[in-house]
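Trainee: generate a structure from the sequence data that follows.
(chains A, B, C and D)
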Protein chains: 2
Amino acid sequence: MPKQITEMLKGTLEGIVLAILAGRAAYGYEITAWLRDQGFTDIAEGTIYALLVRIEQRGLVDVEKVPSEKGPPRKVYTLNAAGRAYLDDFWGTWSFLAERLEQLRNEGK
Amino acid sequence: MPKQITEMLKGTLEGIVLAILAGRAAYGYEITAWLRDQGFTDIAEGTIYALLVRIEQRGLVDVEKVPSEKGPPRKVYTLNAAGRAYLDDFWGTWSFLAERLEQLRNEGK
DNA sequence: ACTGGTAGATAGTAACGCTGAGTACCGGAT
DNA sequence: ATCCGGTACTCAGCGTTACTATCTACCAGT
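Mentor: Take a look at the predicted model:
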């Protein structure tokens, strides 16, 4: 039985990462660690890096390479104007979905 | 730009349909119409029928063919015990995700 | 020299929703 | 009688996304 969270993350994981970047600039490894901390234990590192590449190519974030003291250089991502607009859309879509779901759950008692 | 809702529905649409069936037995065409009524205007008919085939093959629902007065016979789906258990899991996963998202949204103010 | 933590990249796979087309049944309008 | 629209379901092919697994690279401590 495949984990339900895997499919549920499709589309929302992107919003989650953008929401994180809305609060502060961050790099991949850091984001992965933070997500694990929050209970998203199954999220693979590769998933985050691939996602970051995608949102960069869509022009939702700006990137800066910053040397690290303990390892290869970090790619620090910052949400730009297009990213903020996209995040607003995301919250709108999410609200719509969450409201319908909550309604369904209450109907089912 | 592909609609965000399309990706976000992955995983959740299944839960939505199971939640509908938890309230009452229903058939595909009826479910599609209900979803459109609720604002899910972009959900294709084919998507629902494919989803119903999947949950039937996983043994989450029981099926009965019922003749219709105005068209081909309906396939009426009923949630069974396995389906109810799976739906419980779904709500658990959904709650986890919704809580994290709500927290992120509040942090972003 | 080796291990472990830090940091990122990538090829291949599976799941899911969408598109677009098709089949079939029925009633009313032309 | 014929056509059209509403009902009801099916199917092949596609694009997007997350997962798996593996790889490279840098540095500190043992």
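Trainee: when you work out contacts or count neighbours from here on, use the C-alpha atoms and nothing else.
Mentor: Fine.
Trainee: against residue A:12, how distant is residue A:28?
Mentor: Counting by C-alpha to C-alpha, to the nearest Å, the separation of residue A:28 from residue A:12 is 17 Å.
Trainee: how about residue A:24, nearest residue that isn't a chain neighbour?
Mentor: Nearest residue to residue A:24 in three dimensions, chain neighbours excluded: residue A:78, at 7.4 Å (C-alpha to C-alpha, 6 or more residues apart in numbering or on different chains).
Trainee: ok, that neighbour touching residue A:20?
Mentor: No - the criterion here is C-alpha atoms under 8 Å, and residue A:78 misses it with residue A:20 at 9.9 Å.
Trainee: what sits against the residue most central in space within chain A?
Mentor: Using C-alpha atoms, centre = their mean, the residue of chain A that lies closest to the mean C-alpha position is residue A:17, 2.0 Å off. Residue A:17 makes contact with residue A:31 under the criterion C-alpha atoms under 8 Å, 6 or more residues apart in numbering or on different chains.
Trainee: hmm, the biggest helix by length in chain A in reach of DNA strand C?
Mentor: What stands out as the longest helix in chain A, according to DSSP state H, is helix A:81-107. No - using C-alpha under 7 Å from any atom of the strand, helix A:81-107 stays clear of DNA strand C, coming no nearer than 12.6 Å.
Trainee: helices and strands around that helix, which ones?
Mentor: Helices and strands touching helix A:81-107, by 3 or more C-alpha pairs under 8 Å, 6 or more residues apart in numbering or on different chains; DSSP states H and E, are helix A:12-23, helix B:4-9, helix B:12-23.
Trainee: so residue A:55 sits in a strand?
Mentor: No - per DSSP: H, G, I helix; E, B strand; the rest coil, residue A:55 lies outside any strand segment and is helix.
Trainee: point out where chain A drops to low pLDDT.
Mentor: For chain A, the stretches with pLDDT under 70 are A:1-2, A:109.
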